[in-house]
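Peer 1: this one's sequence-less:
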């Protein structure tokens with residue numbers, strides 16, 4: 001029987017304190033995300049017991065109701081009752097941001113910038129991976145115009161990444177999106193990309209006699225510089241907003257655009273690029289010194305990061321690695337998570353005699369292996385029974401250790417589902433596939449033999 005999403009929406013709205021307690025509501029791939037004026041008014045226990053709700057969490061300054069794959073249906077039902085709050089921007093005089101810096105606030109900023117476009121970013125990565133696979137299979141040559149055209153479909157997102165980031169960063173820092181995108185466009189315009197080489201013979205480019213330090217390929221594909229540039233823009237806009245209306249209309253936007261662009265070019269970009277390089281070099285140094293240990297720990301702790309939504313905080317580092325080093329190592333190390341979660345869920349499905357558990361496991365298995373979404377399984381089964389979660393995390397560590405030891409790299413962020421296994425095999429090689437297989441087998445066997453039995457299930 002189809003779930004009554006309207007009733008669920010009504011119940012959730014009532015139990016979080018009613019419409020008057022809600023500032024805004026949005027959603028990610030598995031969770032309804034509420035901004036509440038007073039989170040203490042929400043009844044966590046009763047919301048967690050609602051049919052269709054997997055888990056309730058307080059994270060990133062949000063009240064998060066974990067729904068799973070059908071979160072879109074739940075969101076549509078909620079915003080049908082709260083149309084004025086759909087994806088709502090938090091008002092400037094609201095409580096958000098008044099508590100100063102916190103880890104939750106940091107992850108909220110990161111997720112707010114990167115999560116909205118991660119779908120198209122992944123699609124672009126898959127497109128490039130498919131093109132590479134076609135070249136490997138001999139379907140067309142890398143020198144052909146066919147390759148250039150098809151590769152450009154995926155490559156455009158990567159090349160002009162700062163513009164995508166600028167838009168979302170402006171939303172998070174509450175400043176002008178169009179100016180932010182204009183600053184990003186300035187950084188990646190072809191004349192700026194080639195500026196370093198064009199003036200190499202005279203000691204490099206300058207601005208009014210001041211040296212301009214640029215990365216080799218300019219700011220194409222860069223990640224962190226534009227984030228800090230937009231943050232700078234949000235501060236420059238403050239005094240400009242106090243100018244007389246006529247002055248603001250005539251030159252206000254120009255002042256913000258020019259000041260933000262030039263300060264970013266001279267100061268922000270070089271400093272942030274240097275720090276980004278240090279981060280990438282430090283990560284590689286750790287993996288070079290103790291690859292097995294580092295790979296095991298990163299992979300085993302990845303599911304823990306997922307629990308708190310903190311894995312999104314690693315996405316900019318992964319993207320920065322791609323743009324700074326030309327490849328990423330975190331992705332391959334953590335690639336087994338979806339497959340191992342599915343294997344552990346499959347073990348529970350086959351071993352349990354409880355119909356409720358089997359029904360939940362079936363849905364979670366499809367989510368992990370076909371939809372590449374693990375939260376329903378993690379919240380709905382693995383954390384509930386605890387030991388399967390431990391078995392899963394340790395099994396993921398096996399893949400991470402092997403992958404790091406053999407030095408697997410990837411040149412894009414790839415979706416990890418059963419459907420994309422051929423793409424992973426073509427792009428990352430057989431050692432990585434063996435590592436994923438061993439980790440999945442370990443997760444299945446350890447769960448089936450030791451980590452789960454029906455005595456752990458509360459009577460239905």
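Peer 2: Cool, got the structure. All figures in this text were calculated on a predicted structure; none of them were measured in a lab. Residues are numbered from 1 along each chain as shown.
Peer 1: use CA for all of it now, contacts and neighbours both
Peer 2: OK.
Peer 1: Show me where the stretch 1-150 of the chain has its helices.
Peer 2: Remark: helices assigned in the stretch 1-150 of the chain by DSSP state H, counting those that start in this stretch are 5-15, 44-48, 71-81, 103-114, 118-136, 145-159.
Peer 1: Looks like residue 5 contacts residue 74 (just checking).
Peer 2: Yes: using CA atoms under 8 Å, residue 5 is in contact with residue 74, at 5.6 Å.
Peer 1: tell me the phi and psi of the spatially closest residue to residue 407 that is not a sequence neighbour?
Peer 2: Distances taken as CA to CA, 6 or more residues apart in numbering place residue 329 nearest to residue 407, at 7.9 Å, with adjacent residues excluded. Residue 329 adopts backbone torsions of phi -110, psi -20, taken as degrees, to the nearest 10.
Peer 1: and residue 329, what is it in contact with?
Peer 2: 318, 321, 404, 407-410 (CA atoms under 8 Å, 6 or more residues apart in numbering).
Peer 1: Please apply the same query to residue 350.
Peer 2: Going by CA under 8 Å, 6+ apart, the list of residues near residue 350 reads residue 358.
Peer 1: can you tell me how far the residue nearest to residue 407 sits from residue 413?
Peer 2: 10 Å (CA to CA, to the nearest Å).
Peer 1: Buried ones in stretch 417-431, by neighbour count?
Peer 2: Within stretch 417-431, the residues scored as buried using 16 or more other CA atoms under 10 Å are 417-418, 420, 423-424, 426-428.
Peer 1: Kindly report the same for stretch 383-397.
Peer 2: By neighbour count on 16+ other CA under 10 Å, the buried set for stretch 383-397 is 385, 387-397.
Peer 1: same deal with stretch 325-345?
Peer 2: The neighbour-count check on stretch 325-345 (16+ other CA under 10 Å) flags 327-345 as buried.
Peer 1: End to end on that stretch, go ahead and measure it.
Peer 2: End to end - CA to CA - stretch 325-345 spans 36 Å.
Peer 1: Settle this for me: residue 46 is touching residue 15, isn't it.
Peer 2: Yes: between residue 46 and residue 15 there is a contact at 7.5 Å, judged by CA under 8 Å.
Peer 1: Out of the helices of the stretch 1-150 of the chain, name the one with the poorest average pLDDT.
Peer 2: For the helices of the stretch 1-150 of the chain, mean pLDDT drops lowest on helix 103-114, to a mean of 67.
Peer 1: Flag the shaky bits of the stretch 351-460 of the chain, pLDDT-wise.
Peer 2: 458-460 (pLDDT under 70).
Peer 1: Could you rerun that using 80?
Peer 2: Within the stretch 351-460 of the chain, the ranges that satisfy pLDDT under 80 run 371-373, 375-376, 379-380, 411-415, 457-460.
Peer 1: what about the helices in it?
Peer 2: Under DSSP H, counting those that start in this stretch, the stretch 351-460 of the chain gives helices at 355-369, 375-377, 383-385, 387-406, 421-428, 430-446.
Peer 1: okay if I get those helices as JSON lines plus distance to residue 144?
Peer 2: Converted to JSON lines, those look like this (distance: least, CA to CA, whole Å):
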{"stretch": "helix 355-369", "distance to residue 144": "35"}
{"stretch": "helix 375-377", "distance to residue 144": "42"}
{"stretch": "helix 383-385", "distance to residue 144": "50"}
{"stretch": "helix 387-406", "distance to residue 144": "32"}
{"stretch": "helix 421-428", "distance to residue 144": "20"}
{"stretch": "helix 430-446", "distance to residue 144": "27"}
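Peer 1: Verify the contact between residue 52 and residue 73 for me.
Peer 2: No: applying CA under 8 Å as the test, residue 52 and residue 73 come out as separate, 10.9 Å apart.
Peer 1: Tell me which of the two has more neighbours.
Peer 2: Here residue 52 and residue 73 are compared on neighbour count by other CA atoms under 10 Å; more neighbours surround residue 52, at 18 against 15.
Peer 1: so what pLDDT did the closest residue in space to that one that isn't next to it in sequence get?
Peer 2: Take residue 52 and drop its neighbours on the chain: the residue closest to it by CA to CA, 6+ apart is residue 67, 6.2 Å away. We have a pLDDT of 84 for residue 67.
Peer 1: How about the contacts made by residue 67?
Peer 2: So residue 67 contacts 30-32, 52-55, 74, 376 (CA under 8 Å, 6+ apart).
Peer 1: Stretch 398-406: how far from the chain's middle?
Peer 2: Mean-position distance between stretch 398-406 and its chain equals 22 Å (CA atoms, centre = their mean, to the nearest Å).
Peer 1: ok so, going back, just give me the closest of the contacts of residue 329 to residue 295.
Peer 2: In terms of CA to CA, no member of those lies closer to residue 295 than residue 404, at 5.2 Å.
Peer 1: now the closest one: how far from residue 388?
Peer 2: 24 Å.
Peer 1: Then residue 143?
Peer 2: Residue 143 is 49 Å from residue 388, by CA to CA.
Peer 1: still on that earlier bit, so which of residue 5 and residue 74 has more stuff around it?
Peer 2: Ranked by neighbour count (other CA under 10 Å), residue 5 and residue 74 place residue 74 first, with 26 against 19.
Peer 1: wait, isn't that one in contact with residue 7?
Peer 2: No: contact criterion CA under 8 Å: residue 74 and residue 7 do not qualify, at 9.7 Å.
Peer 1: picking that back up, could you dump the buried residues of stretch 417-431 into a markdown table with distance to residue 192 added?
Peer 2: Listed next are these as a markdown table, based on distance: CA to CA, whole Å:
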| residue | distance to residue 192 |
| --- | --- |
| 417 | 39 |
| 418 | 42 |
| 420 | 37 |
| 423 | 35 |
| 424 | 35 |
| 426 | 35 |
| 427 | 32 |
| 428 | 34 |
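Peer 1: so which of the residues you listed comes closest to residue 276?
Peer 2: residue 428 (24.9 Å).
Peer 1: Could you give the bridge partners of residue 63?
Peer 2: Legend: beta-bridge partners of residue 63 under DSSP bridges are residue 34, residue 58.
Peer 1: Is it in contact with residue 37, as I believe?
Peer 2: No: look at residue 63 against residue 37 with CA under 8 Å: they stay out of range, at 10.3 Å.
Peer 1: So for the two, which sits in the more crowded spot?
Peer 2: More neighbours surround residue 63 than the other of residue 63 and residue 37, with 23 against 16 (other CA under 10 Å).
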